[in-house]
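Q: I'd like to go over a predicted model; first the sequence, then the structure.
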Amino acid sequence: MFVLELTYTAPLDQVDAVLEAHRAWLDERFAEGVFLAAGRKNPRDGGVILAVAEDRERVEEIAAGDPFVTADVCVYRITEFVAVMTAPALEQYRETPS
């Protein structure tokens with residue numbers, strides 16, 4: 001499982017100019033089953049996405065396609081973790097440490 005932390009690198013008016021495309025991109029990733037949750041940070045200086053994928057390379061590839069990235073208004077920090085405990089609704093994503 002992965003935590004994707006977005007940090008804006010441009011003023012909010014430039015971020016907002018790409019927001020509709022970013023949300024459409026998010027919708028596609030949710031439909032694919034890659035994203036489990038997403039939202040803005042508070043204060044609004046970026047966002048957070050919880051994702052599942054086969055490996056880090058795939059997550060990096062997905063993040064590179066974000067309209068926020070292609071418009072150069074944010075950067076990603078990707079953290080991989082082993083979800084050994086989850087809420088019952090996320091039980092299918094529980095992992096065993098290797």
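A: Received the coordinates, thanks.
Q: got the contact list for the single longest helix found in the chain?
A: Ordering each helix of the chain by length in residues (DSSP state H) puts helix 19-32 first. Applying Cβ atoms under 8 Å, 6 or more residues apart in numbering, the contact partners of helix 19-32 are 35, 38, 49, 51, 62, 65, 66, 67, 68. The way it works is simple: take the backbone N, C-alpha and C, and place the C-beta from them, glycine included.
Q: The third one - how many residues pack around it?
A: The criterion is other Cβ atoms under 10 Å. On that basis, residue 49 has 24 neighbouring residues.
Q: Okay, and it sits in which element?
A: Residue 49 belongs to strand 46-51 when assigned by DSSP states H and E.
Q: Run through this structure and note the low-pLDDT ranges.
A: Within the chain, no range satisfies pLDDT under 70.
Q: What ranges does it have for its helices?
A: Ranges of helices within the chain are 12-16, 19-32, 56-64, 67-70, based on DSSP H.
Q: from the ones you listed, which stretch is densest packed?
A: Mean neighbours per residue, mean count of other Cβ atoms under 10 Å, is largest over these for helix 67-70, with a mean of 18.
Q: For that one, what is the distance to the chain centroid?
A: Its chain's C-alpha centre and that of helix 67-70 lie 12 Å apart, by Cα atoms, centre = their mean, to the nearest Å.
Q: Many thanks, I have nothing further to ask.
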